[in-house]
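> Take this sequence and fold it.
(chains A and B)
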Amino acid sequence: MPWRSLSPRGLRKGSFIDFHLGALRGSIADAMSRVRILVGTKKGAFILTSDGKREQWEISGPHFAGWEIYHLKGSPAEPDRIYASQTSGWFGQVIQRSLDGGSTWEAVGNDFSYEGNPGTHKWYDGTQHPWEFKRVWHLEPSPADPETVYAGVEDAALFKSSDGGQTWQEFRGLRDAKSQLWQPGAGGMGLHTILLDPKHPQRIFVAISAAGVFRTDDGGGTWKVANRGLKSPYELPDPDAEVGHCVHRIAMHPSRPDVLYMQKHWDVMRTENGGESWQEVSGNLPSDFGFPIEVHTHEPETIYVVPIKSDSEHFPPDGKLRVYRSRAGGNDWEALTKGLPQKDCYVNVLRDAMSVDALEPCGIYFGTTGGQVYGSADDGDTWTAIVRDLPAVLSIEAQTLP
Amino acid sequence: MIRVVLPYHLRTLAGVDGEVQLDAGRAATLGSTLDALEARHPVLRGTLRDRTTLHRRPFVRFYACKEDLSNEQPDVLLPDAVASGAEPLFIVGAMAGG
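Purely as a prediction, here's the structure:
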């Protein structure tokens, strides 16, 4: 039965049960499934598709050739509906939408006007600088309603569309959370992570570089800072500052939304209580600098990072591209190297460029600034390059299709 | 009739092949021509000018009759040769790397 014929409510329940029955999901069902990987790059979008074995891949693209595609993501409620952030230093922001899995596209609304006077934030020279919209970094479709999608933008703000991307409204209350102290990192002041809590529909987490994590419990009206326990002794004059931390990515397993994992500029962190306090779980990583962090689809305590040497040298330590996996929710990490280059590798993996599928065993994918997309169909034990020579990869999203 | 030549990426975005032909009224200005262009192709709103201030985006240029009109005010009259359709208005992406 195609997913589209299910009601959003029924689908949400079904996909939720999937997480709990993950171990029981049969290989027969998975063999009939398909995986689609949405790849955003510096020069266009690419779509990689495979059957459930994840051995043979078809590659389509470039879509929007020559444009920066910061992010694409499909609606969980209607997987053939895909939203894409198309952007250009010359021509600004365009939002594209597909209703047929990426075969055809239509431009929708690109009016991201801040609500009221957005005021100022801290600029590189310490002065206050006016808020200016630059681009959409991340699109997060609602799990239940295909017409609802959230957008994280630079200069940092959260927008929502309830009409399939035609019009956008800002959650201005987010900027009441000490935004005069937020500041751009070298990559710009972007809102890059949006986590919708599946158990508490009024709760949303966002993360901003360089400001930190923020949480709303009332559907976006009011927001609180959620950075306690983060320490940034190299980046900030006060290591324990309430805001200003360069959070690179946060991740959640939908079965347990109070537990979040974070890759910060330096440090891998974990919270047990929805961001009330964070503890470091970097443990035995060769470097705790990095960008993406992901959670295994069926094991909420299994997480993945890609260590990068340092903030000064954005490439893997010792020229070895290694994914690190912890099966204990952090602290105790093992290197995953089979199929990944173990010498002369100096690519980076950006914050939105890692994703998992929903099959058994779990598939995990990441893209590099060297244009490779690596995939594993066995929880990360072994890797292959699905494609090697794309433009620099900005984002990866894996979709599991019936 | 005014002829407008768009840069490659905006022809693709607007789905046009070749020049765009516009009726910008009798006293065609740079601003009224861009208004007419955006009315014909709403997808171009925000790609040439800021949606709110209508200021030209930094890396967009307007050329006509071997002149750079990029820094002219919106109410500047277009050259007669452009207003008559003898010469096109070129909209260009500035030279830049990356």
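> Counting by contacts, list what the longest strand along chain A packs against.
Using DSSP state E, we find that the single longest strand of chain A is strand A:78-88. If contacts are counted by 3 or more C-beta pairs under 8 Å, 6 or more residues apart in numbering or on different chains; DSSP states H and E, strand A:78-88 sits against strand A:34-41, strand A:68-75, strand A:92-98, strand A:135-141. No exception for glycine: its C-beta is placed from N, CA and C like everyone else's.
> Am I right that A:Ile394 sits in a strand?
Quick fix: residue A:394 is Leu, not Ile. Yes. Under DSSP: H, G, I helix; E, B strand; the rest coil, A:Leu394 sits within a strand.
> how much space between it and A:Ala84?
11 Å (C-beta to C-beta, to the nearest Å).
> Looking at the two, which one has more neighbours?
Comparing A:Leu394 with A:Ala84 by other C-beta atoms under 10 Å in any protein chain shown, the one with more neighbours is A:Ala84, at 29 against 25.
> Could I get the buried residue list for stretch A:391-402?
By 16 or more other C-beta atoms under 10 Å in any protein chain shown, the buried positions in stretch A:391-402 come out as A:Pro391, A:Ala392, A:Val393, A:Leu394, A:Ser395, A:Ile396, A:Glu397, A:Ala398, A:Gln399, A:Thr400, A:Leu401.
> For that stretch, C-alpha coordinates in CSV please.
Only the C-alpha atoms of stretch A:391-402 are listed here, as CSV (Å, rounded to 0.1, in the frame of the first residue of the first chain):
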residue,chain,number,x,y,z
PRO,A,391,30.7,18.8,-6.1
ALA,A,392,31.4,19.4,-2.4
VAL,A,393,28.5,17.8,-0.4
LEU,A,394,26.6,20.2,1.9
SER,A,395,23.8,17.9,3.0
ILE,A,396,22.5,14.3,3.0
GLU,A,397,19.1,13.0,3.8
ALA,A,398,18.1,9.3,3.5
GLN,A,399,14.5,8.3,2.9
THR,A,400,13.1,4.8,3.3
LEU,A,401,10.3,4.1,0.8
PRO,A,402,7.8,1.3,0.7
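> Rebuild the helices and strands packed on strand A:78-88 as TSV, extending it with mean neighbour count, mean pLDDT and distance to B:Ser84.
Listed next are those as TSV, based on neighbours: other C-beta atoms under 10 Å in any protein chain shown; pLDDT from 0 to 100; distance: least, C-beta to C-beta, whole Å:
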stretch	mean neighbour count	mean pLDDT	distance to B:Ser84
strand A:34-41	25	98	44
strand A:68-75	25	98	39
strand A:92-98	23	98	31
strand A:135-141	24	98	39
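> now do the same end-to-end measure for stretch B:46-56.
Using C-alpha to C-alpha, to the nearest Å, the span of stretch B:46-56 from its first residue to its last is 9 Å.
> give me the low-pLDDT residue ranges for chain A?
For chain A, applying pLDDT under 70 flags the ranges A:1-31.
> So which bits of it are right by chain B?
Within chain A, the positions near chain B by C-beta under 8 Å from any C-beta of the partner chain are A:66-67, A:88-94, A:107, A:110-111, A:113.
> Try it again at 6 Å.
Taking C-beta under 6 Å from any C-beta of the partner chain as the contact definition, chain A meets chain B at A:Trp90, A:Phe91, A:Gly92, A:Ala107, A:Asn110, A:Asp111.
> Sort out which of these are buried, if you could.
Neighbour-count burial (16+ other C-beta under 10 Å) is assigned, among the residues of chain A next to chain B, to A:Trp90, A:Phe91, A:Gly92, A:Ala107, A:Asn110.
> Can you tell me, leaving aside adjacent residues, what's nearest to A:Glu154?
A:Gly190 (3.8 Å; C-beta to C-beta, 6 or more residues apart in numbering or on different chains).
> Same question for A:Met262.
A:Met269 (4.1 Å).
> what's in contact with the longest helix anywhere in chain B?
Longest helix in chain B by number of residues (criterion: DSSP state H): helix B:30-40. The contact list for helix B:30-40 (C-beta atoms under 6 Å, 6 or more residues apart in numbering or on different chains) reads B:Ile2, B:Val4, B:Leu22, B:Ala24, B:Leu44, B:Arg45, B:Leu69, B:Glu72, B:Pro74, B:Val76.
> Next, the buried residues of that helix.
Residues of helix B:30-40 classed as buried by neighbour count (16+ other C-beta under 10 Å): B:Leu30, B:Gly31, B:Ser32, B:Thr33, B:Leu34, B:Asp35, B:Ala36, B:Leu37, B:Glu38.
> Identify the bridge partners of the closest residue in space to A:Gln128 that isn't next to it in sequence.
Nearest non-adjacent residue to A:Gln128, counting by C-beta to C-beta, 6+ apart: A:Thr120, 3.6 Å away. Note on A:Thr120: beta-bridge partners by DSSP bridges are A:Pro130.
> residue contacts, A:Thr120?
A:Thr120 makes contacts with A:Gln128, A:His129, A:Pro130, as judged by C-beta under 6 Å, 6+ apart.
> Most neighbours among these, which one?
Most neighbours among those, by other C-beta under 10 Å: A:His129, with 17 neighbours.
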